[in-house]
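Novice: Please work out how this folds:
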Amino acid sequence: MIQKFEFKELDMKGAYEITPFYATDERGGFIKDYNIDAFKQNGIDHELKEVFYTISKKGVIRAMHFQLV
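Specialist: Alright, predicted model coming up:
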């Protein structure tokens with residue numbers, strides 16, 4: 001199965017819900033969470049500096065934030 005990037009603009013100006021590209025088969029899967037061309041085609045033109053992933057235990061709720069510099 002292949003899922004292409006999906007971009008859904010939210011009510012807050014400049015905020016998007018982004019579903020990453022992923023592909024799966026009987027061997028496993030692959031996720032690409034950023035591609036500069038896909039983002040630019042959807043009006044998101046920025047220079048990506050860092051990407052972080054967190055792992056939380058069951059029942060933990062985390063909030064997300066962003067920073068403009």
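Novice: And the helix-or-strand element of the chain with minimal mean pLDDT, what does it pack against?
Specialist: Lowest by mean pLDDT, DSSP states H and E among the helices and strands of the chain is strand 28-32, with a mean of 88. On a contact count with 3 or more C-beta pairs under 8 Å, 6 or more residues apart in numbering; DSSP states H and E, strand 28-32 meets strand 21-25. For glycine as for every other residue, the C-beta is placed from the backbone atoms N, C-alpha and C.
Novice: Only the C-alpha atoms, please, for the least confident helix or strand of the chain, written as PDB.
Specialist: The C-alpha coordinates for strand 28-32 follow below in PDB (Å, rounded to 0.1, in the frame of the first residue of the first chain):
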ATOM      1  CA  GLY A  28       7.300  -4.000   6.500                       C
ATOM      2  CA  GLY A  29       7.000  -0.300   5.900                       C
ATOM      3  CA  PHE A  30       8.700   3.000   5.100                       C
ATOM      4  CA  ILE A  31       7.600   6.500   6.100                       C
ATOM      5  CA  LYS A  32       8.900   9.800   4.600                       C
END
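Novice: Give the rounded mean pLDDT of the next helix or strand after it.
Specialist: Downstream of strand 28-32, the next assigned helix or strand under DSSP states H and E is helix 36-41. Predicted confidence along helix 36-41 averages 92 (mean pLDDT).
Novice: neighbouring contacts of helix 36-41?
Specialist: With contacts defined as C-beta atoms under 8 Å, 6 or more residues apart in numbering, helix 36-41 is touched by 5, 21, 45-46, 48.
Novice: can you do 6 Å?
Specialist: Residues outside helix 36-41 that contact it (C-beta atoms under 6 Å, 6 or more residues apart in numbering): residue 5.
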